[in-house]
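A.B. asks: coords please:
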Amino acid sequence: MRRNDEMKLGVMLLQAGYNEGAWRDPNAPANCGVDIDHYTHLAALAEGAAFHFIFLPDSPSVKEQDNASIARSSRNDGFEPLTLLSALSSRTQNIGLVATATTTYHVPYHLARMFASLDHLSRGRAAWNMVTSSFKFEAPNFGDMNLPDHDTRYARAREFVEVVKGLWDSWEDDAFIREKQSGIFADTSKLHFLNHRGDYLSVRGPLNIARPPQGYPVLVQAGASDAGIVFAAELGEVVFTTAPTLEEGKRYYAALKEKARALGRKDDQVLILPGIIPIVGKTKQEASEKLQRLQSYSHIDVLTALTDRALGFVTDIRSMNLDSLVPEALPQTNFMQSRQKVLLELAVRRKMTWRQLIRLVSDTHGHLTVVGTPDEIADVMVDTFDQRAADGFNVLPATAPGGLKDFVDLVVPELRRRGKFRSGYSGQTLRENLGLKRPLNRFVQVDAGSGL
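C.D. replies: As a prediction, this is how the structure comes out:
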């Protein structure tokens, strides 16, 4: 398939929706974060529209700093992603299943085993969103006072991913022969011990489950700091990023593809999918009214806490004059550096006050946001795709199920009319549907190269 034929589409499923006030939407179940039927319904909507994957974000902590914001936040009552996707694997047939899991506070063996299990359960539809921990309250949950510094987290992540891939290669694809007559279950000539000893990790192996159906679950990455871009160029197969404007999207797309090419990777094996928040209305006014209604649901305590967190906890917005301009520079954070950079650049370029930045963060989180009719939303998506600022999008419905259903019912048919999105699934695995190659087993490659 040529690059310009069709865009790839994922959808982020985040409780009642991406907007912080979405849980107050009358159509959202109040307990939607722990309601399997709610997630089953969302997955069915996405699969019925032939989305490539559903994407679950995660952080192993409560993110808010104080009870005032915790009391009004709906984010602290939700399923762990691998657990939820394991359940959804039996309730879906074709759609990919992307789970976020941190390399900072997992150990490689457990994570390799869990993702291999999900890939087997789903018959080849699993993907791992590889992240480093970026919220300060994660560290004390795992015995640390503070997170490791940003570059150290990425250095450990790089080694972590290589260990996980090595564990997935423990068994060659046909190692488990399961011969009842001879009594031989596994051909141990096709078993490989990793015996890894590195700067951060020591792992013997082998993994106690067969090689995943996809070879490796698809590797997704969501960082855009300098270290994150290098990590994506080396290892990411699907890259989720923030690109609030077309020009920023084009710059990021060109830079990442160039870095990947320099490492010998092909353009179609590194797919860039920025987030997009579509607020869909049959008219522009209807879409604007939907956004205004959502804005009325979020308390200022939640919004200021969200903005402080998005800027990396280097501010205390409650103590500021909200009508003063956002400064041109802030102290660099040890947390989400890429998000801080995107938001600060937007605020400075648009000469925004703190009050305006709080609203921007609430509405967009720094992502491309389009409030309009199906035609208008499709125009932006197609233009972004055609101008090589994206290979597709990770759709972030502001509300769920309502926002997702609006996109499926109104925008997807328009994308299909323009020949930019498919009408069904073409492959059995997520890799096949994304056009990604199945990786060879590293140990087989080594043996073949040595003539053994």
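A.B. asks: so residue 56 touches residue 15, yeah?
C.D. replies: No. Proximity of residue 56 to residue 15 does not meet the contact threshold set by Cβ atoms under 8 Å, at 10.2 Å. Every residue, glycine included, has its C-beta placed from N, CA and C.
A.B. asks: Which neighbouring elements make contact with the longest strand along the chain?
C.D. replies: Longest among the strand segments of the chain by residue count, using DSSP state E, is strand 271-280. For strand 271-280, the elements it packs on are strand 8-12, strand 238-241, helix 246-262, helix 284-297, strand 368-372, helix 374-386, strand 392-395, helix 402-406, judged by 3 or more Cβ pairs under 8 Å, 6 or more residues apart in numbering; DSSP states H and E.
A.B. asks: what's the most buried one of those?
C.D. replies: Sort the helices and strands packed on strand 271-280 by mean neighbour count, taking mean count of other Cβ atoms under 10 Å, and strand 238-241 sits at the top with a mean of 28.
A.B. asks: in the stretch 51-200 of the chain, what spans have low per-residue confidence?
C.D. replies: Segments of the stretch 51-200 of the chain classed as low confidence (criterion: pLDDT under 70) are not present in this model.
A.B. asks: And the strands in it, which stretches?
C.D. replies: Counting by DSSP state E, counting those that start in this stretch, residue ranges of the strands within the stretch 51-200 of the chain are 53-56, 96-102, 126-131, 176-179, 184-186, 196-197.
A.B. asks: Tabulate those (JSON lines), appending distance to residue 379 and mean neighbour count.
C.D. replies: Below are the strands of the stretch 51-200 of the chain laid out as JSON lines (distance: least, Cβ to Cβ, whole Å; neighbours: other Cβ atoms under 10 Å):
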{"stretch": "strand 53-56", "distance to residue 379": "24", "mean neighbour count": "26"}
{"stretch": "strand 96-102", "distance to residue 379": "27", "mean neighbour count": "25"}
{"stretch": "strand 126-131", "distance to residue 379": "29", "mean neighbour count": "26"}
{"stretch": "strand 176-179", "distance to residue 379": "51", "mean neighbour count": "12"}
{"stretch": "strand 184-186", "distance to residue 379": "55", "mean neighbour count": "13"}
{"stretch": "strand 196-197", "distance to residue 379": "49", "mean neighbour count": "12"}
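A.B. asks: nearest to residue 32, of those strands?
C.D. replies: Put simply, out of the strands of the stretch 51-200 of the chain the one that sits nearest residue 32 is strand 53-56, at 13.4 Å, with distance taken as Cβ to Cβ.
A.B. asks: quick revisit: for residue 275, find the nearest of the strands of the stretch 51-200 of the chain.
C.D. replies: The stretch from the strands of the stretch 51-200 of the chain with the least distance to residue 275 (Cβ to Cβ) is strand 53-56; that distance is 9.6 Å.
A.B. asks: What is the burial count for residue 61?
C.D. replies: Burial of residue 61, expressed as a neighbour count using other Cβ atoms under 10 Å, amounts to 17.
A.B. asks: what do you get for residue 300?
C.D. replies: Applying other Cβ under 10 Å, we find 16 other residues in the vicinity of residue 300.
A.B. asks: What of residue 362?
C.D. replies: Counted with other Cβ under 10 Å, residues neighbouring residue 362 total 21.
A.B. asks: and what of residue 40?
C.D. replies: Neighbours of residue 40 (other Cβ under 10 Å): 15.
A.B. asks: Okay, helices next: where are they in the stretch 301-450 of the chain?
C.D. replies: Across the stretch 301-450 of the chain, reading from the start of the chain, the helices by DSSP state H, counting those that start in this stretch fall at 337-349, 354-364, 374-386, 402-406, 412-417, 430-434, 442-450.
A.B. asks: now the stretch 51-200 of the chain
C.D. replies: With DSSP H, counting those that start in this stretch as the definition, the stretch 51-200 of the chain shows helices at residue ranges 67-72, 81-89, 108-121, 150-168.
A.B. asks: ok, residues contacting the second one?
C.D. replies: By that I understand helix 81-89. In this structure, residues lying in contact with helix 81-89 by Cβ atoms under 8 Å, 6 or more residues apart in numbering are 36, 39-40, 43, 54, 56-58, 97-101, 114-115, 117-118, 121-122, 125-126.
A.B. asks: swap in the third one?
C.D. replies: Surrounding helix 108-121, the residues in contact under the criterion Cβ under 8 Å, 6+ apart are 82, 85-86, 89-90, 97, 99, 101, 125-126, 128, 160, 163-164, 167-168, 201, 203, 205, 207-214, 217.
A.B. asks: One more pass at 6 Å, please.
C.D. replies: By Cβ atoms under 6 Å, 6 or more residues apart in numbering, the list of residues contacting helix 108-121 from outside reads 82, 86, 89, 101, 126, 128, 160, 163-164, 167-168, 203, 207, 209, 212-214, 217.
A.B. asks: That one vs helix 81-89, what angle?
C.D. replies: The directions of helix 108-121 and helix 81-89 differ by 10 degrees, with axes from the mean of the first three to the mean of the last three Cα atoms, to 10 degrees as the criterion.
A.B. asks: Just the buried residues of helix 108-121, please?
C.D. replies: Of all the residues in helix 108-121, those buried under the rule 16 or more other Cβ atoms under 10 Å are 108-109, 111-121.
A.B. asks: can you list these in CSV and add distance to residue 308?
C.D. replies: Converted to CSV, the buried residues of helix 108-121 look like this (distance: Cβ to Cβ, whole Å):
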residue, distance to residue 308
108, 33
109, 36
111, 30
112, 35
113, 37
114, 33
115, 33
116, 38
117, 38
118, 34
119, 38
120, 42
121, 39
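A.B. asks: quick one: which of those is nearest residue 234?
C.D. replies: Nearest to residue 234, judged by Cβ to Cβ, of the buried residues of helix 108-121 is residue 108 at 17.0 Å.
A.B. asks: Against residue 308, how distant is the spatially closest residue to that closest one that is not a sequence neighbour?
C.D. replies: In space, and not counting its chain neighbours, residue 108 is closest to residue 163: 4.2 Å by Cβ to Cβ, 6 or more residues apart in numbering. Plainly put, residue 163 is 35 Å away from residue 308 if you go by Cβ to Cβ, to the nearest Å.
A.B. asks: neighbour-wise, which of the two wins?
C.D. replies: residue 163 (24 against 20).
A.B. asks: doesn't residue 199 make contact with that one?
C.D. replies: No. Under the criterion of Cβ atoms under 6 Å, residue 163 is not in contact with residue 199, lying 11.5 Å apart.
A.B. asks: What about residue 427, how many residues nearby?
C.D. replies: Neighbour count for residue 427, taken as other Cβ under 10 Å: 12.
A.B. asks: quick one, phi psi at it?
C.D. replies: For residue 427, the backbone dihedrals are phi -130, psi 170 (criterion: degrees, to the nearest 10).
A.B. asks: contacting residues around the longest strand of the chain?
C.D. replies: By Cβ under 6 Å, 6+ apart, the surrounding residues in contact with strand 271-280 are 8, 238-241, 243, 249, 253, 287, 290-291, 367-371, 377, 390-396, 398, 406-407, 410.
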